[in-house]
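Participant: this is the structure alone, sequence omitted:
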């Protein structure tokens with residue numbers, strides 16, 4: 001995913017963030033307008049207004065919570081990918097598929113998305129919890145990653161960059 005989002009080009013931080021946002025927007029549109037069109041989240045734009053109003057939080061705190069969510073989803077996506085690989089391996093070896101850790105991770109993140117009133121993430125995470133078809137789950141996961149990047153592009157860039165640096169050791 002990091003390569004898809006163009007993080008390894010020689011661009012300024014601002015250019016890289018803009019390029020990452022463009023790639024996330026494009027990827028999100030492609031997946032949501034095709035395989036996931038039935039979820040009716042194409043064109044969804046998150047605003048903090050509903051959560052601020054319902055939870056009684058101030059704007060700064062709400063934006064910090066959304067940043068924390070973006071970091072959490074990006075980090076969780078690594079675990080999701082690992083779980084999907086194990087499920088694919090089990091399927092290839094004709095073993096019983098154990099979705100439990102995958103679904104528990106989806107459930108954990110669904111609670112956060114619901115609390116923050118992030119509707120597209122709610123629908124995608126619900127699908128990750130309930131569906132069994134691995135190709136479909138991959139599409140949901142890719143859309144979730146892209147949509148989270150769109151929420152806070154600079155935060156996502158910093159998180160993805162930190163992960164890339166940590167993985168280089």
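Facilitator: Received the coordinates, thanks. Quick caveat, the model's predicted, so the values are computed rather than measured. Residues are numbered from 1 along each chain as shown.
Participant: tell me the pLDDT of residue 10.
Facilitator: Note on residue 10: pLDDT of 60.
Participant: please report how far the most centrally placed residue in the chain lies from residue 160.
Facilitator: Nearest residue to the geometric centre of the chain (C-alpha atoms, centre = their mean): residue 145, 2.5 Å. According to C-beta to C-beta, to the nearest Å, residue 145 stands 10 Å off from residue 160. Yep, even glycine has a C-beta here, placed from its N, CA and C like the rest.
Participant: hmm, back to that, just to check, the residue nearest to the centre of the chain is in contact with residue 78?
Facilitator: No: with contact defined as C-beta atoms under 8 Å, residue 145 does not count as touching residue 78 (10.2 Å).
Participant: how far does stretch 26-46 sit from the chain's center?
Facilitator: Here stretch 26-46 is found 13 Å from its chain centre; the criterion is C-alpha atoms, centre = their mean, to the nearest Å.
Participant: let me fix that: stretch 142-149
Facilitator: 4 Å.
Participant: now it: mean pLDDT?
Facilitator: Mean predicted confidence for stretch 142-149 is 96.
Participant: what residues does that stretch touch?
Facilitator: Defining contact as C-beta atoms under 8 Å, 6 or more residues apart in numbering, one finds that stretch 142-149 is touched by 1, 5, 20-21, 24-25, 27-28, 31-32, 36, 41, 69-70, 73-74, 77, 120-121, 124-125, 128, 156.
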